[in-house]
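S.K.: My questions concern the predicted model and sequence given below.
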Amino acid sequence: MVALRVNRPLARKILVLVAGFLAIWAIVGFLALPAFLRGVLERKIGEALHRPASLRKLAINPFKLSATLEGLEVKEKGGAGRFFSFERLALNLKAISLFQWAPVASEVTLTKPSIVLVRNQDGTYNVQDLLDEAARPPAKDSKPFRFSLNNIEVDGGSLDFDDRPMKTRHEIRDVRLGVPFLSNIPSKVEIRTRPSFEAKVNGAPFALHGQTKPFANSHETAVDINLTDVDLPHYLAYASGKVNSRLTSGRLDTKLSLSFLQPPGATPRLVLSGTLSLRKLASVFGDKPAANTERVDVALGSLDVFGRKVRADSVKVVAPELWIRRDPASGHPILEAFLAPARREPGKPGVPAEKAPPPRAFEVEVAEVGLERGTVHVEDDSFGRPLRSELRDLAVSVKGFSTAAGKKASIELSAKTDAGESLRNSGTASIEPLVLDGEFTMDGAPLKRYAPIYENAVRFDAVDGVLDFKTKYRFEEGEKGNTTLTGL
């Protein structure tokens, strides 16, 4: 048996050296580095953002390789007001950072960040200098900053946007954000954070929650899009261009899921599914009402963006109200405004314009469409005398609607008018080719009421009388298209 002899003086020296190194490491890490780096960080942040910056506290734990920044505040240019701040930023670094010469953080937590954005009257922003700088191409000899940030969480964030040209303010509060990782270098870090975003946007809750299957061959990722009581006109005010029509009220609620799949060797799929509701919609054309509805509910089976297919289980429209106006020149200004083709720039003389192939149209299928309690106001000034009429209690049921070739949908329609007439329609319709086939019935139409339509074409006046009308019809579009009425 061999006895091990320990050189006690040497062991004592090693212990003293290790203890001394740890003591120096602790003093430098806990005391010296924070005092020195706090000023350096203030200067570097200020130089990077071109604004004065101050940091209340910096703490470093050299044994855990963690750093905590507290009370950062960045002023506007010239120190006029607060631009950006946060209460606390905590980073837990991995030891591999020392060998890769790049920060590798296993956890990043940002608490109560706040930013103030301003759009000036000339269309520029209070961060215009930063936007212009970011838009410049990088220098040829510059190298990208290498990093790996994992398990990123933001809690209690806020954003204030002062849009001075629009004379409005937007507020985003209670921001909670989860990002699994942001990295441009490979790293082996356990991912615990789910992709998510929650906030209150101008008081309306907004939420996105995602699930990722990083080890699946399909790279499947799903994100939930949950919106509640979103004020649509508030955001549509930013739509570019001046138009005569505008939305005066409307609320949006959604419970949607956006999924991305990329199976090996197959076409990737981006699919949206779920439900959405539009409430209290109202629009005007000029200074007159155009269209209103109490509610629109859509149950979306799938919207395949790349496959260009839409499948809806149901569409329900409750209490829609529509105004149809015809001016003295026999025009329909509302329809022309929404349906007129876009103006194209004229090509060079003698040179035929190149026509890009049109994109493949979406194939749309809706299992069931229902409309109830509808109202249509007709205001026709194209005749010698104005004609006013109103459809009430309009009900429409469509089943099996499809834009696919040869597919027919059944259509049932009923309505009454303010003069007591009743209208009924029962038939089928196909889109490709366009074919309408069915039976239409109208009972109790007062002839005198509709005199403006026919009085200039006949040599008599209808003093009294009602018309009951029933016919089968067929309309077919195309080279052999025709319109026939039978069974009158």
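M.R.: Received, thanks.

S.K.: Give me the distance between the two termini of stretch 140-158.
M.R.: 37 Å (Cα to Cα, to the nearest Å).

S.K.: wouldn't K407 be in contact with A429 here?
M.R.: No: in this structure K407 lies outside contact range of A429 using Cβ atoms under 8 Å: 9.8 Å. The C-beta positions use only the backbone N, C-alpha and C, and glycine is treated the same way.

S.K.: what sits against the residue lying closest to G250 once chain neighbours are set aside?
M.R.: Here the nearest residue to G250 in space, its sequence neighbours aside, is L232; by Cβ to Cβ, 6 or more residues apart in numbering that works out to 3.9 Å. L232 is in contact with L247, S249, G250, R251, L252, L278, counting by Cβ atoms under 8 Å, 6 or more residues apart in numbering.

S.K.: let's go with 6 Å and repeat that
M.R.: By Cβ atoms under 6 Å, 6 or more residues apart in numbering, the residues touching L232 are L247, G250, L252.

S.K.: With respect to I14, which of those residues is nearest?
M.R.: L252 (69.8 Å; Cβ to Cβ).

S.K.: how close does the closest one sit to A222?
M.R.: Here L252 is placed at a distance of 21 Å from A222 (Cβ to Cβ, to the nearest Å).

S.K.: Kindly report the same for G286.
M.R.: For G286 relative to A222 (Cβ to Cβ), the value is 44 Å.

S.K.: D327 too?
M.R.: D327 is 50 Å from A222, by Cβ to Cβ.

S.K.: Backbone dihedrals for V127, please?
M.R.: Note on V127: its backbone torsions stand at phi -110, psi 20 [degrees, to the nearest 10].

S.K.: Now tell me what touches the helix or strand that D160 is a member of from outside.
M.R.: Following DSSP states H and E, the helix or strand that holds D160 is strand 148-163. The contact list for strand 148-163 (Cβ under 6 Å, 6+ apart) reads 104-119, 169-173, 175-179, 181-183, 185, 187, 189, 192-193.

S.K.: wait, which of the contacts of L232 is closest to K94?
M.R.: Nearest member of these to K94, counting by Cβ to Cβ, is L252, at 43.1 Å.

S.K.: For the strand or helix carrying the closest one, buried residues please.
M.R.: Assigned by DSSP H and E, L252 belongs to strand 245-261. Within strand 245-261, the residues scored as buried using 16 or more other Cβ atoms under 10 Å are L247, G250, R251, L252, D253, T254, L256, S257, L258, S259, F260, L261.

S.K.: Any idea what N482 is bridged to?
M.R.: When assigned by DSSP bridges, N482 has beta-bridge partners E476.

S.K.: Now do the strands for the stretch 351-488 of the chain: every range, in order, please.
M.R.: For the stretch 351-488 of the chain, strands defined by DSSP state E, counting those that start in this stretch occupy the ranges 363-380, 387-402, 408-417, 422-430, 435-446, 466-476, 482-486.

S.K.: Quickly, which of those strands bottoms out on average pLDDT?
M.R.: Here the lowest mean pLDDT among the strands of the stretch 351-488 of the chain goes to strand 482-486, at a mean of 86.

S.K.: what does it contact?
M.R.: Residues contacting strand 482-486 (Cβ under 6 Å, 6+ apart): T471, K472, Y473, R474, F475, E476.

S.K.: just to revisit the earlier point, which ones among the contacts of strand 148-163 lie within strands?
M.R.: 104-111, 114-119, 169-173, 175-179, 181-183 (DSSP state E).

S.K.: Okay, now the sheet partners of the strand holding D160, with direction.
M.R.: Counting by DSSP bridges, the strands paired with strand 148-163 are strand 104-111 (parallel), strand 114-119 (parallel), strand 168-183 (antiparallel).

S.K.: Distance from the chain centre to that strand, please.
M.R.: Centroid separation for strand 148-163 versus its chain: 19 Å, with Cα atoms, centre = their mean, to the nearest Å.

S.K.: tell me which residues in that strand are buried?
M.R.: 148-159, 161.

S.K.: Average pLDDT for that strand, rounded please.
M.R.: Mean predicted confidence for strand 148-163 is 91.

S.K.: Tell me who's in contact with G438.
M.R.: Here G438 is in contact with S426, G427 (Cβ under 6 Å, 6+ apart).

S.K.: Return the longest helix in the protein, judged by number of residues.
M.R.: helix 8-27 (DSSP state H).

S.K.: For it, output the C-alpha coordinates as PDB.
M.R.: Output of helix 8-27 as PDB, limited to C-alpha atoms (Å, rounded to 0.1, in the frame of the first residue of the first chain):
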ATOM      1  CA  ARG A   8       0.900  21.000   3.700                       C
ATOM      2  CA  PRO A   9       2.800  24.300   3.100                       C
ATOM      3  CA  LEU A  10       2.000  24.000  -0.600                       C
ATOM      4  CA  ALA A  11      -1.700  23.200   0.000                       C
ATOM      5  CA  ARG A  12      -1.900  26.100   2.400                       C
ATOM      6  CA  LYS A  13      -0.500  28.400  -0.200                       C
ATOM      7  CA  ILE A  14      -2.900  27.100  -2.800                       C
ATOM      8  CA  LEU A  15      -5.800  27.700  -0.500                       C
ATOM      9  CA  VAL A  16      -4.600  31.200   0.300                       C
ATOM     10  CA  LEU A  17      -4.200  32.000  -3.400                       C
ATOM     11  CA  VAL A  18      -7.800  30.600  -4.200                       C
ATOM     12  CA  ALA A  19      -9.300  32.500  -1.200                       C
ATOM     13  CA  GLY A  20      -7.400  35.700  -2.300                       C
ATOM     14  CA  PHE A  21      -8.600  35.300  -5.900                       C
ATOM     15  CA  LEU A  22     -12.200  34.800  -4.800                       C
ATOM     16  CA  ALA A  23     -11.900  37.800  -2.500                       C
ATOM     17  CA  ILE A  24     -10.500  40.000  -5.200                       C
ATOM     18  CA  TRP A  25     -13.100  38.600  -7.700                       C
ATOM     19  CA  ALA A  26     -15.900  39.400  -5.200                       C
ATOM     20  CA  ILE A  27     -14.600  43.000  -4.400                       C
END
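
S.K.: what's downstream of it, the next helix or strand?
M.R.: helix 33-49.

S.K.: What's the first helix or strand after that next one?
M.R.: Following helix 33-49 toward the C-terminus (DSSP H and E): strand 53-61.

S.K.: can you pull the buried residues of that next one?
M.R.: So strand 53-61, judged by 16+ other Cβ under 10 Å, has buried residues A53, L55, L58, I60.

S.K.: Run through who's touching that strand.
M.R.: So strand 53-61 is in contact with 29, 33-34, 37-38, 41-42, 45-46, 67-74, going by Cβ under 6 Å, 6+ apart.

S.K.: What mean pLDDT does it get?
M.R.: On average, strand 53-61 scores 93.

S.K.: Repeat that for stretch 286-299.
M.R.: On average, stretch 286-299 scores 94.

S.K.: next one: that stretch to chain centre, how far?
M.R.: The answer for stretch 286-299 is 20 Å, by Cα atoms, centre = their mean.

S.K.: Pull the residues that contact that stretch.
M.R.: Contacts for stretch 286-299 (Cβ under 6 Å, 6+ apart): 244, 275-279, 281-284, 313-323.

S.K.: middle-most residue in the chain, spatially?
M.R.: With distances taken as Cα atoms, centre = their mean, I225 lies nearest the centre of the chain, 9.0 Å away.

S.K.: residue ranges with poor pLDDT in the stretch 51-200 of the chain?
M.R.: Counting by pLDDT under 70, the stretch 51-200 of the chain has low-confidence residues at 97-100, 183-193.

S.K.: what's around the spatially closest residue to G178 that is not a sequence neighbour, how many residues?
M.R.: Leaving aside its chain neighbours, G178 sits nearest to S196 (4.1 Å; criterion: Cβ to Cβ, 6+ apart). Residues lying near S196 (other Cβ atoms under 10 Å) number 18.
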